[in-house]
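A.B. asks: Sharing a model that was predicted from the sequence below.
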Amino acid sequence: MRKVLVEQVGPVTVIKINRPEKHNCIDGETAGQLNEAWVNFRDDSDARVAILTGEGASFSSGADLKAIDTLRPNDQYDPQFVYNGSGYLGFTRMTDIFKPTIAAVNGYCFAGGLEMAAWCDIRIASENAEFGCLERRWNVPLVDGGTQRIPRIVGWGRGMDLIITGRRINARVALDWGLVTEVVDSQHLLNRAIELAQQIAAYPQGSLLTDKQAAVRGWGLPLEEALRIECQLGMPHTKSFETEEGLGNFKNRKQ
């Protein structure tokens, strides 16, 4: 049985970590399959939105610390490892996926699992979801983007709270903090994520993709430079066929 399952639901790709007996923790084989799944999604012109979730009762409890040697490169400073987009968990340093991504978080979302969820654009949680940087207690660093993405999502103070204290928060606190945008019954989590993904996939894609790209590339830059990126990416769409078609549909819509 593969440790990562991929299902295509029309234009929606569902990527599911399949180690439920291990709370979907990530070993080297799983990381490789995650990398493969995300590269395939990025390169598939028919795939518009991806959902990351976990099989069984957990989203992911992070790196498999009992198999940590399967995740380590021979040289942890090897540029091919640090910069090629893989990271320890297989995909967390990828910065060239400008299609929308959704994390459907069920149960435990700890350590590297939280870093994977933070990598996604949108996070939806089940009522029984829990979040935390539990690697704090084992002296394991956040090296899959958590130190950068978590504070950007929830703000500096709350981000530092999670990173430094290693405490667990439930789905309602995560919603209040802005870590997730929706909390649903666990039985309807994946269906709700697919419903949202299909809604996004039904939109014209051109400006949606460049808007995400502009937001990602502009983060942290001086406003003037970020606005220049937005203009460079967005202006070509003002005269595109898709936009002309969209404006025509707007003008002809029923009041």
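C.D. replies: Thanks, I have it. Numbering: from 1, shown residues only.
A.B. asks: Write down the beta-bridge partners of Gly132, one by one.
C.D. replies: Residues in a beta bridge with Gly132, per DSSP bridges, are Phe110.
A.B. asks: Please tell me how far it sits from Ile163.
C.D. replies: To Ile163, Gly132 is 10 Å away according to CB to CB, to the nearest Å. C-beta coordinates here come from the backbone N, C-alpha and C atoms, glycine included.
A.B. asks: Tell me who's in contact with Leu221.
C.D. replies: When contacts are counted by CB atoms under 8 Å, 6 or more residues apart in numbering, Leu221 touches Ile229.
A.B. asks: what about Gly132 and Ile163, which has more around it?
C.D. replies: Gly132 (20 against 17; other CB atoms under 10 Å).
A.B. asks: tell me the contacts of the more buried one?
C.D. replies: Applying CB under 8 Å, 6+ apart, the residues near Gly132 are 109-111, 114, 162, 166-169.
A.B. asks: Same check on Asp161?
C.D. replies: Counted by CB under 8 Å, 6+ apart, Asp161 has contacts Arg167.
A.B. asks: What pLDDT does the model give it?
C.D. replies: Looking at Asp161, its pLDDT stands at 98.
A.B. asks: which element is it on?
C.D. replies: helix 156-165 (DSSP states H and E).
A.B. asks: And the next helix or strand past that helix?
C.D. replies: strand 169-170.
A.B. asks: neighbouring strands for that next one, and are they parallel or not?
C.D. replies: Looking at strand 169-170 with DSSP bridges, what it pairs with is strand 130-132 (antiparallel).
A.B. asks: pLDDT averaged over the strand it pairs with, what's the number?
C.D. replies: 98.
A.B. asks: which residues of the chain fall in strands?
C.D. replies: Chain-ordered strands for the chain, with DSSP state E as the definition, fall at 4-9, 12-17, 49-54, 58-60, 101-105, 108-110, 122-126, 130-132, 169-170, 182-184.
A.B. asks: Let me have the ones you listed in CSV, adding distance to Pro236 as columns.
C.D. replies: Written out in CSV, the entries for the strands of the chain read as follows (distance: least, CB to CB, whole Å):
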stretch, distance to Pro236
strand 4-9, 30
strand 12-17, 27
strand 49-54, 22
strand 58-60, 38
strand 101-105, 24
strand 108-110, 38
strand 122-126, 26
strand 130-132, 39
strand 169-170, 42
strand 182-184, 33
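A.B. asks: before we move on, the earlier item: between the contacts of Gly132, which is nearest Ile229?
C.D. replies: Distance to Ile229 across the contacts of Gly132 (CB to CB) is lowest for Leu114, with 28.5 Å.
A.B. asks: follow-up on the earlier one: just name the closest of the contacts of Gly132 to Gly62, please.
C.D. replies: Looking across those and measuring by CB to CB, the closest to Gly62 is Ala111, at 3.0 Å.
A.B. asks: My guess is that closest one contacts Phe131. True?
C.D. replies: No: counting by CB atoms under 8 Å, Ala111 does not reach Phe131; the two are 10.1 Å apart.
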